[in-house]
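Visitor: What follows is a predicted protein model with its sequence.
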Amino acid sequence: DTAVSQTPKYLVTQMGNDKSIKCEQNLGHDTMYWYKQDSKKFLKIMFSYNNKELIINETVPNRFSPKSPDKAHLNLHINSLELGDSAVYFCASSRLAGDNEQFFGPGTRLTVL
Amino acid sequence: GDSVTQMEGPVTLSEEAFLTINCTYTATGYPSLFWYVQYPGEGLQLLLKATKADDKGSNKGFEATYRKETTSFHLEKGSVQVSDSAVYFCALNSGGYQKVTFGTGTKLQVIP
């Protein structure tokens, strides 16, 4: 009965590769997010989707492309991985855009070698 | 734009000590304010929230009061436990389609 799930939990890959991280929420929420957390725990929003439509797109390299096939899923595809992409990526969801509470997934630790 | 400033950590306390983690904010309008907690190896989870001035949010012995006059939302707990060791994030949301703005996080370590 996991509310927000992400796969994989750990991802180790070489520079230049392309990888995807999947996220699913079973809360019936309309809005989903991707965050990047660096080694100092600083949390930065990357994207937000509301009912499959992109509503927040922060300054993120074009190598990052979110895809929302339906409102329960928000996947993140990363092309041409770089060392600086190493971080923990969190998916989150909320009932409405700008709603009071966001529910976070357990995170995906990406390590680029 | 919106911003949140929290005290830098790490904060190290002995069990049963009093905890304060300071948080101040800058925002347009009347934002909602939150504290999230991140335990080691996990995602963030909402600890407490306040949606208007003078509201007090509370949960698990933690409290924070929305102070509009000082634009602050300091987190307090009267007696911390080892299990409270985590990273605490102050955050705000100005409503609508606005993103939630997080502070930089404060790591709390409680020693027996």
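Guide: Yep, it's here.

Visitor: Give the pairing partners of the helix or strand containing A:Ile21; include direction for each.
Guide: If you go by DSSP states H and E, A:Ile21 is part of strand A:19-25. Note on strand A:19-25: by DSSP bridges, its sheet partners are strand A:4-7 (antiparallel), strand A:73-78 (antiparallel).

Visitor: wait, which of the ones you listed is closest to B:Val87?
Guide: strand A:4-7 (18.5 Å; Cβ to Cβ). Glycine gets a C-beta too; all of them are placed from N, C-alpha and C.

Visitor: what's the following helix or strand after that closest one?
Guide: Strand A:4-7 is succeeded, C-terminally, by strand A:10-13 (DSSP H and E).

Visitor: and that next one, does that touch chain B?
Guide: No. Using Cβ under 8 Å from any Cβ of the partner chain, strand A:10-13 never reaches chain B; the gap is at least 11.0 Å.

Visitor: Any regions of the chain where pLDDT drops low?
Guide: All of this is about chain A. A:1, A:97-100 (pLDDT under 70).

Visitor: The intended chain is chain B.
Guide: B:96-98.

Visitor: For B:Gln109, give the beta-bridge partners.
Guide: Beta bridges link B:Gln109 to B:Thr12 when assigned by DSSP bridges.

Visitor: Number of residues surrounding it?
Guide: B:Gln109 has 14 neighbouring residues, counting by other Cβ atoms under 10 Å in any protein chain shown.

Visitor: Next: B:Thr28.
Guide: Neighbours around B:Thr28, by other Cβ under 10 Å: 10.

Visitor: and it, what helix or strand is that in?
Guide: Assigned by DSSP H and E, B:Thr28 falls outside every helix and strand.

Visitor: would you list the strands paired with strand A:19-25 in JSON lines and tack on mean neighbour count and distance to B:Ala86?
Guide: JSON lines is the format used below for those (neighbours: other Cβ atoms under 10 Å in any protein chain shown; distance: least, Cβ to Cβ, whole Å):
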{"stretch": "strand A:4-7", "mean neighbour count": "19", "distance to B:Ala86": "19"}
{"stretch": "strand A:73-78", "mean neighbour count": "20", "distance to B:Ala86": "25"}
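
Visitor: contacting residues for A:Thr59?
Guide: With contact set as Cβ atoms under 8 Å, 6 or more residues apart in numbering or on different chains, A:Thr59 has no partners.
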